[in-house]
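Enquirer: Predicted coordinates and the sequence they were generated for:
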Amino acid sequence: MKVKRILHVTDSMNKGGIETFIMNVYRNINREYIQFDFLISVSEKCDYEDEILELGGMIYRTVPKTKGIFNYIKKTNNILKEMPNYEVAHIHVSSLISALGWLLTNVKNIPTKMYHSHNTESGRDFTGILRKGGQIVLKQNSTHLLACSIAAGEWLYGNKNFKKDKAAVINNGIDTGKFCYDKKVRKDMRESLNLDNKFVIGHIGRFNQQKNHDFIIEIFKEIYNQDKNSILILVGKGDLESMIYDKVKEYKLQEAVLFLGLREDISPLLNSMDIFLLPSFHEGLPVVGIEAQATGIKSFMSDKVTTEVDVTGLVDFISLDHPAECWAEKILNYKDYNRVNTKQFIIENGFDIKEVTSKLSSLYTNGEG
């Protein structure tokens, strides 16, 4: 049987929520029948690039839209002409403008076009009548409207469009065998990071405006003022990292805040934490939020994160209008929280990667999930 190659269209394949989701599926899909190739718009080598090539995928590069829309269209179309003829394009987007941008290229000529919403807000996007018009155009020029949550689907495509037959939620699945609570893993990781007897608050995410690191530091400062035994772990990289480090220095918290950079050992790190913190300004449905719950950790997220992420009852949502003191008080109430095994909750709510991969495989091969 001929291998069916799926063209994934996304900005990059660096470590982030969208990219982690794609790679989770890629690792679990039957690559004797389905293969992934990637069209990205960054010139630098991406975090997942070596693994993609090892798994048999191809990577094609176009220029970023910031280089000029006409240059972007010309370059992208030249690349598409040189590529094989794909039957399926899986287009990952975080804004309506981004989604419609691909319709300006020859991606529009691929028979099956699956648009996939991964967000609930974008800094620069259409509003009002332009937005409604764009949603109609997108609906007419796609075969499938996918989203990581109902909230993400309704935001990008509109409430009515996302209730039509070609609309579907594709859960941000995780490996439930890998992400689980393990006392020995917790002990070993805490020892390696010198966290014994510490109250550990953790965050995993890119250092960008969306993740609200500035507020994370404000919250932790209040926690630390009440409990000098507290430690904050920050996992990730990004443009705002140096600014956040300067703020940590300003508050004289250097000894209490660990900047760990990009890491592969996310499950052990989550096991080492006592609290997971995600005060984002917006999220589609954060993969890391599911991963955190799978390790049985108590999580605190902003009310801007869709409540669909809470599949275990372990998430408390707090308004971003509430001051850091309020967040700190609620978090400190869970210093002695006893973790629970949540694997069955994750599976029953459809977030096991094997179930998600099976659904996408059916979409790729039959058009139905």
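Expert: In hand now; what should we look at?
Enquirer: residues near Val311, how many?
Expert: Val311 sits with 21 neighbouring residues when counted by other C-beta atoms under 10 Å. Using the backbone N, CA and C atoms, a C-beta is placed for each residue, glycine as well.
Enquirer: Could you check the pLDDT of it?
Expert: Note for Val311: predicted pLDDT of 96.
Enquirer: Isn't it up against Ile347?
Expert: No: in terms of C-beta atoms under 8 Å, Val311 does not count as a neighbour of Ile347; the distance is 9.8 Å.
Enquirer: Name the residues contacting each of these two.
Expert: When contacts are counted by C-beta atoms under 8 Å, 6 or more residues apart in numbering, Val311 and Ile347 have no shared neighbour.
Enquirer: Can you give me the buried ones in the helix or strand Pro268 falls within?
Expert: Secondary structure from DSSP states H and E places Pro268 in helix 266-272. Residues of helix 266-272 classed as buried: 266-272 (neighbour count, 16 or more other C-beta atoms under 10 Å).
Enquirer: just checking, what packs against the next helix or strand along the chain from that helix?
Expert: Moving toward the C-terminus from helix 266-272, the next helix or strand (DSSP H and E) is strand 275-278. The elements that strand 275-278 packs onto, with contact taken as 3 or more C-beta pairs under 8 Å, 6 or more residues apart in numbering; DSSP states H and E, are strand 199-204, helix 287-294, strand 298-302.
Enquirer: I would like the residues contacting strand 275-278, please.
Expert: Outside strand 275-278, the residues that touch it by C-beta under 8 Å, 6+ apart are 199-205, 211, 216, 219, 270, 286, 288-289, 292, 297-302, 305, 331, 334, 337.
Enquirer: which among the residues you listed end up buried?
Expert: Restricting the contacts of strand 275-278 to buried positions leaves 199-205, 211, 216, 219, 270, 286, 288-289, 292, 297-302, 305, 331, 334, with burial counted as 16+ other C-beta under 10 Å.
Enquirer: closest one to Asn28 among the helices and strands packed on strand 275-278?
Expert: Go through the helices and strands packed on strand 275-278 one by one with C-beta to C-beta and the one that ends up closest to Asn28 is helix 287-294, at 14.2 Å.
Enquirer: neighbouring contacts of the closest one?
Expert: Identification of contacts with helix 287-294 by C-beta under 8 Å, 6+ apart yields 17, 20-21, 24, 172, 174, 176, 179-180, 204-205, 266-267, 270, 276, 278, 283, 299, 301, 305, 309-312, 314-315, 342-343, 345-346, 351.
Enquirer: what angle sits between that helix and strand 199-204?
Expert: On the basis of axes from the mean of the first three to the mean of the last three C-alpha atoms, to 10 degrees, helix 287-294 is oriented at 150 degrees to strand 199-204.
Enquirer: So that it lines up with my notes, have the first residue be 23 from now on.
Expert: In the new numbering, first residue 23, that becomes helix 309-316.
Enquirer: Restricting to C-alpha, output helix 309-316 in PDB.
Expert: Output in PDB follows, covering the C-alpha atoms of helix 309-316 (Å, rounded to 0.1, in the frame of the first residue of the first chain):
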ATOM      1  CA  VAL A 309      -1.100  20.700  26.100                       C
ATOM      2  CA  VAL A 310       1.000  21.400  29.200                       C
ATOM      3  CA  GLY A 311      -2.200  21.800  31.200                       C
ATOM      4  CA  ILE A 312      -3.200  18.200  30.400                       C
ATOM      5  CA  GLU A 313       0.300  17.000  31.000                       C
ATOM      6  CA  ALA A 314       0.300  18.700  34.400                       C
ATOM      7  CA  GLN A 315      -3.000  17.100  35.400                       C
ATOM      8  CA  ALA A 316      -1.800  13.700  34.300                       C
END
